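[1] Sequence and predicted structure below; questions after.
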Amino acid sequence: LYEYRNEWKALSGSQAGVIVRQSIQEMIGNLIKEEFKAEFQKRKKSDSEIPFELFVDYLASTFMSVTSWWLNSKNPLPPNAVNDIYCALVIPSLKSNFD
């Protein structure tokens, strides 16, 4: 993914970049929906009031924010470090809402 950072930077400042980002986020959201819907219903804590659609949007938008930050970074981290950052952002939320 990082090999396309120049294309990302060119797009990110344009209206087309907004559309591309939204499209990618939507695709990621659809993948998350397919993968987690049954598990979400089964393992959600009974006192959690987080709707599934918000859960999906949170995971997908956080992924896009981290990815965008990484691709725009002047001194990028290696992919495994970026993955660790994403996990540090979302895992506490997942743990607090699921059994």
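    Thanks, I have it. Numbering: from 1, shown residues only.
[2] Alpha carbons of the helix or strand hosting residue 9, in PDB - could you do that?
    Residue 9 is part of helix 5-12 when elements are defined by DSSP states H and E. The C-alpha trace of helix 5-12 is given here as PDB (Å, rounded to 0.1, in the frame of the first residue of the first chain):
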ATOM      1  CA  ARG A   5       1.700   7.000  -1.400                       C
ATOM      2  CA  ASN A   6       2.500   9.500  -4.200                       C
ATOM      3  CA  GLU A   7      -0.800   8.700  -5.900                       C
ATOM      4  CA  TRP A   8      -2.600   9.000  -2.500                       C
ATOM      5  CA  LYS A   9      -1.000  12.400  -1.800                       C
ATOM      6  CA  ALA A  10      -2.100  13.700  -5.300                       C
ATOM      7  CA  LEU A  11      -5.600  12.500  -4.700                       C
ATOM      8  CA  SER A  12      -6.000  13.400  -1.100                       C
END
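[3] Please name every helix or strand in contact with that helix.
    helix 15-43, helix 52-72 (3 or more Cβ pairs under 8 Å, 6 or more residues apart in numbering; DSSP states H and E). In this view, the C-beta of every residue, glycine as well, is placed from N, C-alpha and C.
[4] can you count the residues close to residue 49?
    8 (other Cβ atoms under 10 Å).
[5] how close does it get to residue 97?
    9 Å (Cβ to Cβ, to the nearest Å).
[6] wait, is residue 95 part of a helix?
    Yes. Assessed with DSSP: H, G, I helix; E, B strand; the rest coil, residue 95 lies in a helix.
[7] Apart from its chain neighbours, what residue comes closest to the most centrally placed residue in the chain?
    Centroid-nearest residue in the chain, with Cα atoms, centre = their mean: residue 63, separated by 2.1 Å. Nearest residue to residue 63 in three dimensions, chain neighbours excluded: residue 28, at 5.8 Å (Cβ to Cβ, 6 or more residues apart in numbering).
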